[in-house]
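K.L.:
With the input below, show me the fold.
(chains A and B)
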Amino acid sequence: MSKDKKKKSLSYRLLWPIKNEKWQPITIPVASILVSFIAAAIVILLLGKNPLQAFYNLFQGSGILPKATYAGYKSMLTDFLSLLDAMTPLVFASLAVAVALRAGLFNIGVSGQMLVSGFLATIIVGYSGLDAVVAKPLVLLIGIIAGGLMGGLVGWLKYRFNIHEVVTTIMLNYIAQYVISFFIHMYYIDPVSRQSKYISEAARLTLVNFEFANLKMDIPLGFILAIAVAVFIKFLLDKTVVGFEIKAVGSNRDAAKYTGIKVGSNMILAMIISGGLAGLAGVTYYLGDFASIQPKVLTNIGFDSIAVALLGNSHPIGIIFSSFLISIIDQGSTYMSSQAGIRQEIASVIIGLILLFSACGAYVKHKVSRLKEKEVDRKDSES
Amino acid sequence: MDTIIIDGLSFALPLFIMAIGGIYSEKSGITNLALEGFQGFGAFIGAMTAVLIAHASGTDVQNLFYVALLFAMIGGMGFSVIHAVLSIKFKANQVISGVVINILALALTTFLTTQINAIVFGAASDKFRLGVTERFTIEGLANIPVIGAIFTDVYTFEVIIIVIAIIAWYVLYKTKFGLRLRASGENPHSVDTAGVDVAKIRFSAVLISGLLSGLAGMCFAYSISAQFSSGIYMGYGFLAIAALIFGNWRILPTLVACLLFGFAKSGGTFIAQAMALPSSFTDLFMILPYVLTLLLLIFFSKSNRAPRALGEIYDKGKR
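P.N.:
Presented below is the predicted three-dimensional model:
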């Protein structure tokens, strides 16, 4: 009897952070990340490699831990800045998915919206020879407008013609992919790289090979903006009437209508915001790290961002953390592959596992609340 | 004209069978964005089995189509268990589960394909070569103008798909199981009151969608792409979802949508070739099916209605 009690208290002590509802939004994702790393460790062990070394290499490659040696002008800081550079479009894209989700809409079209915004910014500003002072803000503006219009179109089609947003966004993805591929091939192709011609340095949102303290690094200008926008979206959703109405439409469309909230315009508005964020993701992606567009290819970011948004609980601050984590795994995988001799593809398997376990989060919540109900019931019957 | 019909059908029918899988799942009340993942994973299992058997026994991969097809169906069904467990037993958000499964399928199959190629074949390749399965022509019928093309250069799998599609139509609309399945998506509580296990029905519906998607994936692998690689995740799953929404969650209109996609796709390629335009113009014609879909939806979407309980987690205790 006493042994039984002891066992219970130990498991209770181990599980209290998950049982405490206040901490659940943090503890459940953390727990699922831990579990997935354990699962990945088992896979790596089965391949006959040392998982601890592999994870260590992963962090080294992404600039979180120092590498043994660095090439000239490189250091941990340069790796870390590259990580932030890669993370920036992912934050924007995930925010785009999250805002739409809050309104009960599913934006699978982030990739297409990114491509259209990136392409328009490239041909209007990237090839124009404008000064950096004008060019960089203009790039961002084009991103927001182009993405916002495209998102708004999806919302309007849903409101006006009852066309399911999943279908519209998928169709628009394909249309954007092919039409832009056509224009790149016809007018903007670089015959050597088979991609669109490189844009001017002035229009780029990443300062490439910026020299400081004997280091050459890439400074992602969009990163600060991404954090600021995430905070702004949190404010918008939590503290403003607009945010409240969007969430009301998302949680129960009929109830929202009954209370006098304009469902249609809020749906369109949410899609405009979502598209605008996707546009920012597009310009920081195509006019940041890459400076050119590969024809006929939609970036995976638009799809990964769905998962990142969900891992972050569709919460803007959570999204910053989840994009950080996913970017670490993505960025570190090349170095891990070369150092530990493990295939790079294992990185995406780890990401997949993290997402899979985090999808079970709702079950854990459900179970915990069930257990609590039972406890309450037992106490009631005892007394 | 003939090539448009021949190529169009060989694309439309696998898409159609996958969309039927989606209809089964969604009619039972489970949102299924994971069709793409089921399709890819099923095709992976089928291709892997075929390639390994060919390697061990020395037969040609092209002759192992039926073995591959069988294993692809099993593989797709096996993988769909994840979606079923997550969204029915674990009560996870079905949209989330679907997206996660797609990502996991792509990651796993790419990883395993390279790993198997390295270990078994000693080659650094991320694809299994399969070739194209045999085709046949029905003499006589093939000579009828225009319609004859339907009977020309037919893949055997097209016949299999049509047979399975007819069975699927019959089961969904004419049997007790089909009735219960449709009711589970409209009003699960009444199904429950009638003493039928909603969870069980939904579970089997998701498994059926996995099975049919695996079949579709294998057909794509053995015809259009002639190999298994990550290229099998080309968005066909989402296209199937678009087709079923377009078809208002009913099998026959969905067939029309799939044929539209198929013919517009092959037609676009054909026009570009016939006009001898530079290859970049092909891209412009490739948007035909998608633009057409959007335009048609503007006219036909008003009455579209998803199953009432779609995506809702069914909780017995909740009233």
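
K.L.:
mind listing what's buried in stretch A:39-57?
P.N.:
Neighbour counts over stretch A:39-57 (16 or more other Cβ atoms under 10 Å in any protein chain shown) mark A:Ala39, A:Ala40, A:Ala41, A:Val43, A:Ile44, A:Leu47, A:Lys49, A:Pro51, A:Ala54, A:Phe55, A:Tyr56, A:Asn57 as buried. From N, CA and C alone the C-beta is placed, and that goes for glycine too.

K.L.:
What distance do you get for the third one to B:Ile116?
P.N.:
What it means is A:Ala41. 21 Å (Cβ to Cβ, to the nearest Å).

K.L.:
One more: the fifth one?
P.N.:
Distance, A:Ile44 to B:Ile116, by Cβ to Cβ: 17 Å.

K.L.:
Same question for the last one.
P.N.:
Summarising the geometry, the distance separating A:Asn57 from B:Ile116, computed by Cβ to Cβ, is 24 Å.

K.L.:
again with A:Phe235
P.N.:
Between A:Phe235 and B:Ile116 the computed distance is 50 Å (Cβ to Cβ).

K.L.:
try A:Lys367
P.N.:
Distance of A:Lys367 to B:Ile116, computed by Cβ to Cβ: 37 Å.

K.L.:
Around chain B, which positions in the stretch 1-150 of chain A sit nearby?
P.N.:
Residues of the stretch 1-150 of chain A lying close to chain B (Cβ under 8 Å from any Cβ of the partner chain) are A:Leu47, A:Phe106, A:Ile108.

K.L.:
Closest to chain B out of those?
P.N.:
A:Phe106 (6.1 Å; Cβ to the nearest Cβ).

K.L.:
Please, which helix or strand holds the closest one?
P.N.:
Assigned by DSSP states H and E, A:Phe106 falls within no helix or strand.

K.L.:
Show the pLDDT at it.
P.N.:
At A:Phe106, the model reports a pLDDT of 88.

K.L.:
same check, this time on A:Val91
P.N.:
At A:Val91, pLDDT is 96.

K.L.:
Now do the same contact list for the one residue in the stretch 101-250 of chain A that gets nearest to chain B.
P.N.:
Using Cβ to the nearest Cβ, the closest approach of the stretch 101-250 of chain A to chain B is made by A:His185 at 3.6 Å. For A:His185, the contacting residues are A:Pro295, B:Ser279, B:Ser280, B:Asp283, by Cβ atoms under 8 Å, 6 or more residues apart in numbering or on different chains.

K.L.:
repeat for A:Lys74
P.N.:
By Cβ under 8 Å, 6+ apart, the neighbours of A:Lys74 are A:Leu215, A:Lys216.

K.L.:
what sits against residue 282?
P.N.:
Here I'm looking at chain A. With contact taken as Cβ under 8 Å, 6+ apart, A:Gly282 is in contact with A:Pro89, A:Gln113, A:Met114, A:Leu115, A:Val116, A:Ser117, A:Gly118, A:Ala121, A:Gly143, A:Ala146, A:Gly147.

K.L.:
my bad, the chain I had in mind was chain B
P.N.:
Neighbours of B:Thr282 in contact, by Cβ under 8 Å, 6+ apart: B:Gly268, B:Thr269, B:Ala272, B:Gln273.

K.L.:
Could you tell me which of the contacts of A:Gly282 count as buried?
P.N.:
A:Pro89, A:Gln113, A:Met114, A:Leu115, A:Val116, A:Ser117, A:Gly118, A:Ala121, A:Gly143, A:Ala146, A:Gly147.

K.L.:
packing partners for the host helix or strand of B:Ala56?
P.N.:
Taking DSSP H and E as the criterion, B:Ala56 maps to helix B:35-57. Applying 3 or more Cβ pairs under 8 Å, 6 or more residues apart in numbering or on different chains; DSSP states H and E, one finds that helix B:35-57 makes contact with helix B:2-27, helix B:65-84, helix B:94-120, strand B:128-129, helix B:198-222, strand B:227-228, helix B:236-246.

K.L.:
Which residue, neighbours along the chain excluded, lies closest to B:Tyr314?
P.N.:
B:Pro188 (4.6 Å; Cβ to Cβ, 6 or more residues apart in numbering or on different chains).

K.L.:
Need the pLDDT of that neighbour.
P.N.:
The model's pLDDT for B:Pro188 equals 89.

K.L.:
Surely A:Leu83 is within a strand?
P.N.:
No. A:Leu83 is assigned helix when assessed by DSSP: H, G, I helix; E, B strand; the rest coil, not a strand.

K.L.:
What separation is there between the residue lying closest to B:Leu69 once chain neighbours are set aside and chain A?
P.N.:
Closest residue to B:Leu69 apart from its sequence neighbours, by Cβ to Cβ, 6+ apart: B:Met218 at 5.1 Å. Here B:Met218 is placed at a distance of 22 Å from chain A (Cβ to the nearest Cβ, to the nearest Å).

K.L.:
pull the helix or strand with minimum mean pLDDT from chain A.
P.N.:
helix A:2-19 (a mean of 59; mean pLDDT, DSSP states H and E).

K.L.:
Distance from stretch B:69-85 to the middle of the chain?
P.N.:
Its chain's average C-alpha position is 12 Å from that of stretch B:69-85, according to Cα atoms, centre = their mean, to the nearest Å.

K.L.:
Can you mark which positions in it are buried?
P.N.:
Within stretch B:69-85, the residues scored as buried using 16+ other Cβ under 10 Å are B:69-80, B:82-85.

K.L.:
Tell me the one of those nearest chain A?
P.N.:
Closest to chain A, out of all of the buried residues of stretch B:69-85 and judged by Cβ to the nearest Cβ, is B:Ile82, at 7.5 Å.

K.L.:
Identify the residues contacting the residue lying closest to that closest one once chain neighbours are set aside.
P.N.:
What sits nearest to B:Ile82 in space, not counting adjacent residues and going by Cβ to Cβ, 6+ apart, is B:Ile101, at 5.9 Å. Contact partners of B:Ile101, counting by Cβ under 8 Å, 6+ apart, are A:Leu356, B:Ala34, B:Gly37, B:Phe38, B:Phe79, B:Ile82, B:His83, B:Leu86.

K.L.:
ok, 6 Å please
P.N.:
B:Ala34, B:Gly37, B:Ile82, B:His83 (Cβ atoms under 6 Å, 6 or more residues apart in numbering or on different chains).

K.L.:
cool, and A:Leu157?
P.N.:
A:Leu157 touches A:Ile163, A:Thr168, counting by Cβ under 6 Å, 6+ apart.

K.L.:
how close does it sit to A:His164?
P.N.:
Taking Cβ to Cβ, one finds A:Leu157 at 9 Å from A:His164.

K.L.:
and the next element down the chain from the helix or strand harbouring A:Ile145?
P.N.:
Element membership of A:Ile145 [criterion: DSSP H and E] is helix A:132-161. Next helix or strand after helix A:132-161 toward the C-terminus (DSSP H and E): helix A:165-183.

K.L.:
elements contacting that next one?
P.N.:
Identification of packing neighbours for helix A:165-183 by 3 or more Cβ pairs under 6 Å, 6 or more residues apart in numbering or on different chains; DSSP states H and E yields helix A:110-121, helix A:132-161, helix B:236-246, helix B:279-286, helix B:288-300.
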